[in-house]
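Q: pasting the structure only:
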């Protein structure tokens with residue numbers, strides 16, 4: 001969920017770890033049945049916070065001069081020339097394009113629909129736990145999820 005939203009595995013891992021720490025520090029006394037929805041609520045808030053910080057950083061960094069090329073022209077790392085064990089280029093291209101389309105379609109969804117879809121499908125929460133994580137009723141989860149599925153089917157029909 002964090003990787004799709006942030007598009008950076010390192011940032012995603014940091015946000016997930018922060019969410020786990022906050023959960024253990026603040027909610028260890030809660031019953032274990034409540035931990036999962038609480039975790040996803042904390043995670044979603046962490047994702048939003050990081051996205052806001054990125055926006056501010058981009059605005060500030062636009063005023064700074066760009067980085068210059070390395071004046072020493074250091075030699076390239078020899079490991080960069082090792083043959084890759086990845087699938088062939090056309091298959092990688094098709095996968096990348098499909099994933100880009102999926103990520104773009106997910107980003108295009110309204111926030112609540114995206115959250116309901118990701119919690120239900122990617123994280124495997126049931127309707128009740130998703131409702132707790134989102135802070136809404138089960139009926140709202142069902143509505144948001146249904147709308148997300150219909151929108152994604154329209155956008156991804158030919159790709160997925």
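A: Noted; the coordinates are in hand. No experiment lies behind these values; they were computed from the predicted model shown.
Q: show me where pLDDT drops low in the chain?
A: The model of the chain has pLDDT under 70 over residues 61-87, 158-160.
Q: same thing but at 50, please
A: For the chain, applying pLDDT under 50 flags the ranges 67-69.
Q: Which residue ranges make up each domain of it?
A: Domain ranges of the chain: 1-64, 87-160, per automatic domain parsing.
Q: Make CSV from these and add mean neighbour count to it.
A: C-betas here are computed from N, CA, C, even on glycine. Converted to CSV, those look like this (neighbours: other CB atoms under 10 Å):
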stretch, mean neighbour count
domain 1-64, 14
domain 87-160, 15
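Q: shouldn't residue 50 be in contact with residue 16?
A: No: counting by CB atoms under 8 Å, residue 50 sits too far from residue 16 to count as a contact (11.1 Å).
Q: can you tell me how far residue 2 sits from residue 59?
A: 23 Å (CB to CB, to the nearest Å).
Q: residues making contact with the strand or helix carrying residue 153?
A: Assigned by DSSP states H and E, residue 153 falls within helix 138-156. The contact list for helix 138-156 (CB atoms under 8 Å, 6 or more residues apart in numbering) reads 101-102, 105-106, 108-109, 112-117, 120, 127-128, 130-131, 134.
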